[in-house]
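**Student:** Sequence first, predicted model second:
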Amino acid sequence: MASKWRKAFKLGAAAAVAGGSGVALVYMSSVVNADRKKEQTQKKLAATGLNKRPSKPLPSRAEQLSSLASDEFDVLIIGGGATGSGCALDAASRGLKTAMVEYDDFSSGTSSRSTKLIHGGVRYLQKAIMNLDIEQYRMVKEALHERANLLEIAPHLSFPLPIMLPVYKWWQLPYFWAGIKAYDLVSGGDCLKSSYILSKSRALELFPMLKKNELKGAIVYYDGMHNDARMNISIAISAARLGATVANHVKVVDLIKTEGVVSGARVRNQLTGEEFNIKAKSVINATGPFTDSIRKMDDGETRDIVCPSAGIHIMLPDYYSPSNMGLLDPATSDGRVIFFLPWQGLTIAGTTDTPCPVTNSPGPSESDIQFILSEVKNYLTPDIDVRRGDVLSAWAGIRPLVKDPNAGDTASLVRNHVVHVSDSKLVTIAGGKWTTYRAMASETVDTAVEAAELGAGPSMTDGLMLEGAHTWAPTMFIRLVQDLGVDTAVAQHLSDTYGDRAFSVGKLAGLTGQRWPIVGRRIHQEFPYIDAEVRYAVKEYAATAVDVIARRLRISFLNVQAAEEALPVVVSIMADELGWDKEEQDRQTEDAMEFLRMQMGKDLNRASRDNIPVSLTKTEIAEYVKRFNALDDGKKGYISINDIRKSLKSQGVILTNEDVSALMATVSVETHGSLDLPEFLQMMSAIKSGTVSHSRFAKMAEMDYKAKKYGEHMERSGGGV
């Protein structure tokens, strides 16, 4: 509390300098009011017992499905993203009998494909001030409160991140400083940390990758960051802990009406094909980009309100950014904003904003990837070669911008979100952003309660702790190391992902057979994910391999090649847990590979390589042709993995199964297990130019052909796409 008041005093002093003592008094008053409201909220939650750590085990997925088919609910929520899960938690916390169904997996859509920021919106505040727009100001104020609340109710999953705004023109320094300081002041008691100005030398010390030429200094401000998919799943699990019936992979195929009023839904279990009815007094449509498809089930003549827009993000190696400092490019070449942020040990860059169709499997485009890379180049020192081959994964999320169906003019987009009740009492929530999911859910459930006359009390989710947060502490990972015998990196990951449930995860870990760590077999050597997490994911309703590699673990978002390499282990563990036979394991593997190819950027690897010319010198071509001919056993006209394996074996070098799997991951999907001479030259040219990362196949072939030269330039950065 003392540090809180020290921060308040500093911000109050800054306010006095910036706007006079009146502004300072208003700020200090807001801090006092915020603290008072928090105390009142905590007392209310303590009185209800809602913030006690749940001790009962989660119902199984089979039990949840049985409940959906047999019980009648006060509220049925369609959609298991952040907003839908938020609605389920809000309704359950009020004591309403609640159900939620999701067509795919919790957070499988836009909610797992965000920039990972929990923010109020610096740009929106600038517009509010410049245009004297009170509505925009209130939107920012609400988002700043929700930002602070989310960091408080899930401290293991979220944290304040300093974000640097580099300044290259002197006049920008006071302009940006005034705007960022206003962001602090509007936050009031919800301010995370105070912003500050840096000199050029200090900015380069904290962000050494920054372009030095013409840099005048920088401003650093704070916003929140989180693991978006895990946060979404934690909200859904928290709802289930409070008695909500939740089920993923359940699709709504039609709405049920009684005397013209929506009274439930006809649904299909996507894993078995079984269909059944769910009865409910109120139905909430929280399906994000798919909002209009549910609205048309209610009224086939209704107008579309969603204007989908694709946001592309890419993952780059960790050396592209400091581990604890982000970067904001406020004005890209086309006026969009680009964030450049450390996340999960790597670097995330994005986003774009491009109109797109609504689809269940959005994928990145090469043009958007190239746009992000070109903008990144503008801010980084020329010492860093920004290469297409360093893109470890790339994905697209569909942002559901909406028109207001309540307004007479439906041409313009709303700035925030829309809650609409149809003539048949279908409640639709659309638009908004991740940060404000809780406030949106509260408003939506209020509307549903009123429309269906449910007679429930007010929302109880402000300050309500999420799954894993109740007894978590930042030092919990040390106990995991000491009590369970996992290594430190794994312990830190488990603590930061599962909070106080990390011990439940760790107890499922298998023995490593090593002196240290004792337990916790990694599913991939480059990441701290262990076997126990796959088993625990099944308990948390993961039903497919994609559910695990994309949402329970984030490996597909971090490194698509590593995800492919880890896939056999994931499928094997899930097969043990769910009783999959060989045919089902093969199907799960193929579905996961399709996901990696189409949605995580793997297909763009081959496309980006094939779209560049072969730019090799005559000497290089002669060398590679000689290498190819030496490896082509039997003069077949192509070289394969078996050619390399046989040749290396004759030299006493035995490839392990892991080596072969890695080679297959590189070659099989892209070249059907072999390379002819033009393909071989194309690969070598792509590696030389940095268009793709270093190929394991090419490197193994080189090891076979000649001894590795010490100090040779490496084009690989962990398996880019």
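**Tutor:** Okay, I see it.

**Student:** Please enumerate the strands of the stretch 1-150 of the chain.
**Tutor:** 72-78, 98-101, 117-118 (DSSP state E, counting those that start in this stretch).

**Student:** now those strands as CSV including distance to residue 224 and mean pLDDT?
**Tutor:** In short, each C-beta sits where N, CA and C put it, glycine included. Formatted as CSV, those follow (distance: least, CB to CB, whole Å; pLDDT from 0 to 100):
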stretch, distance to residue 224, mean pLDDT
strand 72-78, 25, 98
strand 98-101, 25, 98
strand 117-118, 3, 96
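
**Student:** out of those strands, which comes closest to residue 646?
**Tutor:** Nearest to residue 646, of all the strands of the stretch 1-150 of the chain, is strand 117-118, at 51.0 Å by CB to CB.

**Student:** what ranges do the helices span in the stretch 51-200 of the chain?
**Tutor:** In chain order, the stretch 51-200 of the chain shows helices spanning 61-70, 82-93, 122-130, 134-153, 172-187, 200-206, with DSSP state H, counting those that start in this stretch as the criterion.

**Student:** now, of the ones you listed, which is deepest in the fold?
**Tutor:** Across the helices of the stretch 51-200 of the chain, averaging neighbours per residue (mean count of other CB atoms under 10 Å) puts helix 82-93 on top, at a mean of 32.

**Student:** elements contacting it?
**Tutor:** Helices and strands in packing contact with helix 82-93 are listed as strand 72-78, strand 98-101, helix 228-241, helix 437-452; criterion 3 or more CB pairs under 8 Å, 6 or more residues apart in numbering; DSSP states H and E.

**Student:** what pLDDT, on average, does the third one get?
**Tutor:** By that I understand helix 228-241. What helix 228-241 shows for mean pLDDT is 98.

**Student:** For the residue nearest to the spatial centre of the chain, give me the pLDDT.
**Tutor:** The central residue of the chain, meaning the one whose C-alpha is nearest the mean C-alpha position (CA atoms, centre = their mean), is residue 112 at 3.8 Å. Confidence per residue is given as pLDDT, and for residue 112 that number is 97.

**Student:** Identify whichever of the helices and strands packed on helix 82-93 lies nearest to residue 425.
**Tutor:** Comparing these by CB to CB, helix 437-452 comes nearest, at 5.1 Å.

**Student:** Could I get the average pLDDT for the closest one?
**Tutor:** Averaged over helix 437-452, pLDDT sits at 98.

**Student:** on that earlier part again, of the strands of the stretch 1-150 of the chain, which stretch is the most buried?
**Tutor:** Burial among these, expressed as mean neighbours by mean count of other CB under 10 Å, is greatest for strand 98-101, which shows a mean of 29.

**Student:** just how off-centre is that strand within its chain?
**Tutor:** Put simply, strand 98-101 sits 23 Å off its chain's centre (CA atoms, centre = their mean, to the nearest Å).

**Student:** going forward can the numbers begin at 47, since that is how I track them
**Tutor:** Renumbered: residue one is now 47, and that last one reads strand 144-147.

**Student:** got a list of contacts for it?
**Tutor:** By CB atoms under 8 Å, 6 or more residues apart in numbering, the surrounding residues in contact with strand 144-147 are 113-114, 117, 119-126, 130-131, 133-134, 137-138, 282, 285, 289-294, 296-298, 311, 313, 324, 326.

**Student:** Would you give the sheet partners of the host helix or strand of residue 361, along with the direction of each?
**Tutor:** Following DSSP states H and E, the helix or strand that holds residue 361 is strand 352-362. Listed by DSSP bridges, the sheet partners of strand 352-362 and their directions read strand 392-396 (antiparallel), strand 400-401 (antiparallel), strand 439-448 (antiparallel).

**Student:** now the strands for the stretch 297-446 of the chain?
**Tutor:** Assigned strands in the stretch 297-446 of the chain, in chain order: 307-315, 321-331, 352-362, 372-375, 384-389, 392-396, 400-401, 439-448 (criterion: DSSP E, counting those that start in this stretch).

**Student:** can you redo these as a markdown table with mean pLDDT and mean neighbour count?
**Tutor:** Written out in a markdown table, the entries for the strands of the stretch 297-446 of the chain read as follows (pLDDT from 0 to 100; neighbours: other CB atoms under 10 Å):
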| stretch | mean pLDDT | mean neighbour count |
| --- | --- | --- |
| strand 307-315 | 98 | 21 |
| strand 321-331 | 98 | 23 |
| strand 352-362 | 94 | 23 |
| strand 372-375 | 92 | 23 |
| strand 384-389 | 94 | 22 |
| strand 392-396 | 95 | 26 |
| strand 400-401 | 86 | 12 |
| strand 439-448 | 93 | 24 |
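
**Student:** which one of those lies closest to residue 243?
**Tutor:** If you check each of the strands of the stretch 297-446 of the chain against residue 243 by CB to CB, strand 372-375 wins as the nearest, at 14.9 Å.

**Student:** Low-confidence ranges, this protein, go.
**Tutor:** Under the criterion pLDDT under 70, the flagged ranges of the chain are 47-81, 452-461, 651-660, 687, 690-691, 693-720, 732-767.

**Student:** returning to what we had before: any chance of the strands of the stretch 47-196 of the chain in a markdown table with distance to residue 153 as columns?
**Tutor:** Supplementary listing: the strands of the stretch 47-196 of the chain in a markdown table, determined by distance: least, CB to CB, whole Å:
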| stretch | distance to residue 153 |
| --- | --- |
| strand 118-124 | 14 |
| strand 144-147 | 13 |
| strand 163-164 | 15 |
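
**Student:** The closest residue to residue 685 other than its chain neighbours: neighbouring residues, count only.
**Tutor:** When the adjacent residues along the chain are set aside, residue 685 lies closest to residue 677, with 4.5 Å between them (CB to CB, 6 or more residues apart in numbering). Residue crowding around residue 677 was assessed by other CB atoms under 10 Å; the count is 20.

**Student:** Good, wrapping up.
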